[in-house]
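Student: make a model of this:
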Amino acid sequence: MSKIITSATNITGKRHRTLPARAIAIEDLRLMARRRLPKVVFDYVDGGADAEVTLNANRAAFDTLTFRPRHAVAVPQCNLQTRVLGRDLALPVLLAPVAYSGLIHTGGELAAAQAASKAGTVYILSTLSGQRIEEIRAGCAGSLWYQVSLLGGREAAEAAIERAKNAGFSALVVTIDSPTNGNRERDLRNGVLELVFQDRLLPKIPFLWQLLARPTWLADFWRNGGMPPLQNVLSPGGGPTPINKIGSILTYQVTVWEDLRWIRACWNGPIVVKGVLTGDDARRAIYEGAGAVVVSNHGGRQLDGVQASLRALPEVVAAVNGEAEVMMDGGVRRGTDVIKAICLGARAVLCGRAYAYGLGAAGEAGVARALAILRSDLDRTLRLLGCESTAMLDRSYVD
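Tutor: Numbering: from 1, shown residues only. Modelled structure (predicted):
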């Protein structure tokens, strides 16, 4: 832990070691991450597609929904627990799959998984990971889900599913909203393709100032071997796919409804379909065998101009009608956001940026601090609402 914290920031001394504890809101961790990370990396985490209309709408939706509290009610103790796909979680917040987490911090996916485990919740490992499925399982005692995509085709996906099954991952997340990458203009302006996904030096030169401006991050990054290959996408030769080959394998990432049938045949555990925004897609996901759906617009990183996840949530909850569990992600920054989503019918929420900011600020310690902030927010908000547990929340608590 101390090694992770030490390499997380260029601030020295006692303040250096206690930096994550100074954060009182997710926004504080965001600002810490912004100071530590190169612009190209921070904007990769922070940005969205096109004009970022949907990115901003996700936050605005929470801001415009108001509470209806029960006053003069004593709440001596709050129960934050929930049950998701048959497993009890200490709080209704799961860590969403975040691709290329090793860019954000050298602790990468394992740092986030360990923080989630200690907090009593689920970590979801992205296909686009620089750390092996088996490595994450060996270093984490908690609940793990695997997010599968068709990068490299069905054969590569089947191999990863089998490895996740053998490693004891308990659920499979199938993302359906990414037939191609969204037009993330910040990434294009910052040269993310040239800096991260190309071997040649010449295209990198106009963008190198971003890395040189963050020497501590750069030293840690290269000390740990730079950008690792995609450990869970096997190439035709059997080894992990080099990161500079990502462009060629993106062609094979489209997931269609028929794919869920062979995925179901490969996997004997629960399947979660992520990227649902309409009642029709929710019903189709259940028909194809999903045990849960995640209402999600990919954090505003794919199709810009779709509605906020929170706005889409009631339609999906009504369409599902109790036949599957419903979760959501998009814009979650506070415990009040989590509670509003639960009031509208979500079993739990997934957060991505909220913990990625913590990861960027201070590795595992930063992720732990993000979860602690959300936990504290949840407890305080329940008390102020006059509600004893997240299980008792319903639409009567919001306008």
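
Student: for Pro228, give me its contacts.
Tutor: Contacts here follow CB atoms under 8 Å, 6 or more residues apart in numbering; on that basis Pro228 touches Gly102, Gly130, Gln131, Pro240, Ile243. Where you see a C-beta, it was placed from the backbone N, CA and C, and this is true even at glycine.

Student: assumed the first one was part of a helix.
Tutor: What that stands for is Gly102. Yes - under DSSP: H, G, I helix; E, B strand; the rest coil, Gly102 falls within a helix.

Student: contacting residues around it?
Tutor: Going by CB under 8 Å, 6+ apart, Gly102 touches Gly108, Glu109, Ser129, Gly130, Gln131, Asn224, Met227, Pro228.

Student: can you list the contacts of Pro228 in JSON lines and add pLDDT and distance to Arg200?
Tutor: Listed next are the contacts of Pro228 as JSON lines, based on pLDDT from 0 to 100; distance: CB to CB, whole Å:
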{"residue": "Gly102", "pLDDT": "95", "distance to Arg200": "21"}
{"residue": "Gly130", "pLDDT": "93", "distance to Arg200": "21"}
{"residue": "Gln131", "pLDDT": "95", "distance to Arg200": "26"}
{"residue": "Pro240", "pLDDT": "87", "distance to Arg200": "21"}
{"residue": "Ile243", "pLDDT": "82", "distance to Arg200": "13"}
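
Student: show me those that map onto strands.
Tutor: Pro240 (DSSP state E).

Student: got a markdown table for the contacts of Pro228, with distance to Arg284 too?
Tutor: Compiled in a markdown table, the contacts of Pro228 are given as follows (distance: CB to CB, whole Å):
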| residue | distance to Arg284 |
| --- | --- |
| Gly102 | 35 |
| Gly130 | 33 |
| Gln131 | 33 |
| Pro240 | 33 |
| Ile243 | 34 |
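
Student: scan the contacts of Pro228 and report the most crowded one.
Tutor: When the contacts of Pro228 are compared by neighbour count (other CB atoms under 10 Å), Gly130 ends up highest, at 26 neighbours.

Student: quick one: contacts of stretch 128-139?
Tutor: Contact with stretch 128-139 is made by 99-102, 108-110, 113-114, 123, 125, 144, 146, 149, 151, 160, 163-164, 167-169, 227-233, 246, as judged by CB under 8 Å, 6+ apart.

Student: any idea how far Leu89 is from Asp394?
Tutor: In this view, Leu89 and Asp394 are 19 Å apart by CB to CB, to the nearest Å.

Student: just Leu371 next, same as before
Tutor: Distance from Leu371 to Asp394, by CB to CB: 25 Å.

Student: and for Leu212?
Tutor: 53 Å.

Student: show me where the stretch 101-250 of the chain has strands.
Tutor: Ranges of strands within the stretch 101-250 of the chain are 123-125, 144-148, 171-175, 230-234, 240-241, based on DSSP state E, counting those that start in this stretch.

Student: and Val332, which of those strands is closest to it?
Tutor: strand 123-125 (14.3 Å; CB to CB).

Student: which secondary structure elements does the closest one contact?
Tutor: On a contact count with 3 or more CB pairs under 8 Å, 6 or more residues apart in numbering; DSSP states H and E, strand 123-125 meets strand 93-95, helix 108-119, helix 133-138, strand 144-148.

Student: of Leu212 and Asp394, which one has the most company?
Tutor: Asp394 (12 against 9).

Student: pLDDT score for the closest residue to the more buried one other than its chain neighbours?
Tutor: Take Asp394 and drop its neighbours on the chain: the residue closest to it by CB to CB, 6 or more residues apart in numbering is Cys343, 6.3 Å away. Cys343 is assigned 98 on the pLDDT scale.

Student: quick check: the most centrally placed residue in the chain vs Leu195, distance?
Tutor: Central residue of the chain (CA atoms, centre = their mean): Ala96, 2.5 Å from the mean position. According to CB to CB, Ala96 stands 24 Å off from Leu195.

Student: need phi/psi at Ala348.
Tutor: Main-chain torsions, Ala348, degrees, to the nearest 10: phi -160, psi 170.

Student: OK, contacts around the closest residue to it other than its chain neighbours?
Tutor: The spatially closest residue to Ala348, leaving aside those adjacent along the chain, is Pro92, at 3.9 Å (CB to CB, 6+ apart). Pro92 is in contact with Leu80, Thr82, Val84, Val338, Ile342, Ala346, Arg347, Ala348, Val349, Leu378, Thr390, counting by CB under 8 Å, 6+ apart.

Student: try Ser149
Tutor: Thr127, Leu128, Ala157, Thr175, Ser178, Gln253, Thr255.

Student: among those, name the ones in helices.
Tutor: Judged by DSSP state H, helices contain the following of those: Ala157.

Student: any quick ChimeraX command for the buried ones out of the contacts of Ser149?
Tutor: Those of the contacts of Ser149 that count as buried under 16 or more other CB atoms under 10 Å are selected in ChimeraX with:
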select :127,128,157,175,178,253,255
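
Student: ok, the contacts of Ser149 vs Leu65, which is closest?
Tutor: Using CB to CB as the measure, the one of these that approaches Leu65 most closely is Thr175, at 26.1 Å.

Student: so in the chain, which helix runs the longest?
Tutor: Max-length helix for the chain by DSSP H is helix 353-385.

Student: tell me the mean pLDDT over that one?
Tutor: According to the model, helix 353-385 has a mean pLDDT of 98.

Student: what's the angle between that helix and helix 108-119?
Tutor: 20 degrees (axes from the mean of the first three to the mean of the last three CA atoms, to 10 degrees).

Student: list the buried residues for helix 353-385?
Tutor: Buried-residue list, helix 353-385, by 16+ other CB under 10 Å: 353-375, 377-379, 381-383, 385.
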